[in-house]
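Visitor: fold the stuff below for me.
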Amino acid sequence: MQVIRLTPDYCQNGTVIRLLCPTSSATCMMDSGKAINWTFNPENNSTVAGLTLATDKWSKSNFWIGLTLAVLSAFLIGGSVILKKKALLRLATTGHTRAGEGGHGYLKDWLWWGGLLTMGGGEGANFAAYMFAPATVVTPLGALSVLFSAVLSSHLFGETMNLLGKLGCMLSLLGSTIMVIHAPEEEAVTTLREMADKLLDPGFLVFASILLAACLVLIFYFSPRIGQTNILVYISICSLLGAFTVSSVKGLGIAIRSAFSDPSVFRHPLTWVLLLALVCSIVIQINYLNKSLDTFNTLLVYPIYYVFFTTVVLTTSIILFKEWGSMSGVDVVGTVGGFLVIVLGVSMLHLFKDLHVSLEDLRNNLCQPQGQHSLAKREDKHILIENVDSLPPMREEGPRVFIIS
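Guide: A predicted model of the protein is given here:
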């Protein structure tokens, strides 16, 4: 019998251990010192194992904490936009110089500061969400902030949301629900040493090197030349740096959680390397995102940025944390499909915001009798015949010919 010795980190209640063999596999869940074991044959290996892991995901409190924090973050960020916009509108009505014209009167408004603090709380909740839930769940749920902002704007500012915008909100909710249901089981990383092993994995080193080289080429070669004319340059820089941002956040989250039991983690070089990488990536992202918003239409910038950024984060999670390693085929299709549904919803909410489409217009077009079209056509013919004499004179050599179908 082969004996496998585990570290104390893997012997906690609720820990799932999966043993893979060429022809079979076994999954064990640690429960108060007893391991409940399942053995599978090659025919039902992946299906039963996937169900077991999915059940464990829903029973873990960390997943629910991360999910709650991600939704709370989206609500706070969406609400902060409303608070700051209300402060700016109130400032404009009092005759002060608007922010777009260089005014800074909003710095004296408590409502604007409330919005800023609310956004800070939302970003903090989003940071904490990465500590408990997989990045594959937390990042796509950021689209809910757009939904909350749009709904609150329509109620508080009287801004009308057309039919396509409402459908976009529903699709965003549907896609988020699908992604949560099919969310992957995150590979357990509980110490900085394990995080260092992940970061030094050859596959991730190659991936990170490619992203870093691509960012440098975009920043120093393409940005000065075509950055002002191509919307993808600035957005690509922000999105590619998202891989380093999320990786740093996950590592710092592990360091913060470990600090309560082992304060020496703050003397670990990796902690400061991750903090430096996080600060640098965020500063560069904010810089190029502001350039993109200042140069191109916001209705195009946000959907493209969301798609690019989320795609990079999902790819990073696959390579770094092996989050998709335990997923069944159904869960993979569900996760990708849910992400595409969110992309469609966000695009509809932004790109078609200015179209005047309502349910009443759609009902009138669908329910209008066919006879009304022919009646209107006959009326046009009679009007044309009655107004023949009032038409401008034509050349004498040219016959007057009217074709009425």
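Visitor: for the stretch 151-300 of the chain, give me the ranges with low pLDDT.
Guide: Within the stretch 151-300 of the chain, the segments meeting pLDDT under 70 span 157-160, 185-188, 298-299.
Visitor: just checking, what packs against the lengthiest helix in the chain?
Guide: Criterion DSSP state H: the longest helix present in the chain is helix 61-93. On a contact count with 3 or more Cβ pairs under 8 Å, 6 or more residues apart in numbering; DSSP states H and E, helix 61-93 meets helix 110-132, helix 135-138, helix 144-156. Quick note: C-beta positions are derived from backbone N, CA and C, even for glycine.
Visitor: adding distance to residue 218 and mean neighbour count, write those out as a markdown table.
Guide: Formatted as a markdown table, the helices and strands packed on helix 61-93 follow (distance: least, Cβ to Cβ, whole Å; neighbours: other Cβ atoms under 10 Å):
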| stretch | distance to residue 218 | mean neighbour count |
| --- | --- | --- |
| helix 110-132 | 25 | 18 |
| helix 135-138 | 23 | 26 |
| helix 144-156 | 26 | 19 |
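Visitor: turn those helices into JSON lines, columns for distance to residue 278.
Guide: As requested, those are exported to JSON lines (distance: least, Cβ to Cβ, whole Å):
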{"stretch": "helix 110-132", "distance to residue 278": "10"}
{"stretch": "helix 135-138", "distance to residue 278": "14"}
{"stretch": "helix 144-156", "distance to residue 278": "21"}
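Visitor: if we can go back for a sec, buried residues in the longest helix of the chain?
Guide: Within helix 61-93, the residues that count as buried by 16 or more other Cβ atoms under 10 Å are 63, 66-67, 69-88, 91-92.
Visitor: contact partners for residue 156?
Guide: 82, 86 (Cβ atoms under 8 Å, 6 or more residues apart in numbering).
Visitor: please enumerate the helices of the stretch 251-400 of the chain.
Guide: 269-295, 298-320, 329-351, 359-367, 370-386 (DSSP state H, counting those that start in this stretch).
Visitor: looking at these, which is nearest to residue 194?
Guide: With Cβ to Cβ as the measure, helix 269-295 is the member of these nearest residue 194 (10.8 Å).
Visitor: next, the angle from that closest one to helix 298-320.
Guide: Orientation check (axes from the mean of the first three to the mean of the last three Cα atoms, to 10 degrees): helix 269-295 against helix 298-320 gives 160 degrees.
Visitor: for residue 129, give me its contacts.
Guide: 66-67, 69-70, 73, 138.
Visitor: between these, which sits nearest residue 331?
Guide: residue 67 (16.1 Å).
Visitor: just list the residues touching the closest one, thanks.
Guide: When contacts are counted by Cβ under 8 Å, 6+ apart, residue 67 touches 129, 133, 137, 141, 180.
Visitor: leaving out sequence neighbours, find the closest residue to the second one.
Guide: Taking Cβ to Cβ, 6 or more residues apart in numbering, and ignoring the residues beside it in sequence, residue 133 has residue 66 as its nearest neighbour in space, at 2.4 Å.
Visitor: so the one you found makes contact with residue 139?
Guide: No. Counting by Cβ atoms under 8 Å, residue 66 sits too far from residue 139 to count as a contact (11.6 Å).
Visitor: and the angle for the longest helix of the chain with helix 144-156?
Guide: Going by the same axes, to 10 degrees, helix 61-93 makes 40 degrees with helix 144-156.
Visitor: helix 61-93 versus helix 110-132: what angle between them?
Guide: Using the same axes, to 10 degrees: helix 61-93 against helix 110-132 is 160 degrees.
Visitor: oh, and call the first residue 40 from now on, that's how I've got it
Guide: In the new numbering, first residue 40, that becomes helix 100-132.
Visitor: averaged pLDDT, helix 100-132. What do you get?
Guide: For helix 100-132, the mean pLDDT works out to 81.
Visitor: before we move on, the earlier item: nearest to residue 299, of the helices of the stretch 290-439 of the chain?
Guide: helix 308-334 (14.3 Å).
Visitor: which parts of the closest one are buried?
Guide: 309-310, 313, 316-317, 320, 323-324, 327-328, 330-331.
Visitor: and what of stretch 367-378?
Guide: 367, 370, 373-374, 377-378.
Visitor: stretch 261-277 now?
Guide: 261-262, 266, 270-277.
Visitor: between these, which is closest to residue 382?
Guide: Among those, and counting by Cβ to Cβ, the member closest to residue 382 is residue 274, at 14.3 Å.
Visitor: any chance of the buried residues of stretch 261-277 in JSON lines, plus secondary structure?
Guide: Formatted as JSON lines, these follow (DSSP: H, G, I helix; E, B strand; the rest coil):
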{"residue": "261", "secondary structure": "helix"}
{"residue": "262", "secondary structure": "helix"}
{"residue": "266", "secondary structure": "coil"}
{"residue": "270", "secondary structure": "helix"}
{"residue": "271", "secondary structure": "helix"}
{"residue": "272", "secondary structure": "helix"}
{"residue": "273", "secondary structure": "helix"}
{"residue": "274", "secondary structure": "helix"}
{"residue": "275", "secondary structure": "helix"}
{"residue": "276", "secondary structure": "helix"}
{"residue": "277", "secondary structure": "helix"}
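Visitor: from those residues, which is closest to residue 358?
Guide: residue 275 (18.6 Å).
Visitor: roughly how far apart are the residue lying closest to residue 203 once chain neighbours are set aside and residue 207?
Guide: The spatially closest residue to residue 203, leaving aside those adjacent along the chain, is residue 391, at 4.2 Å (Cβ to Cβ, 6+ apart). Distance of residue 391 to residue 207, computed by Cβ to Cβ, to the nearest Å: 8 Å.
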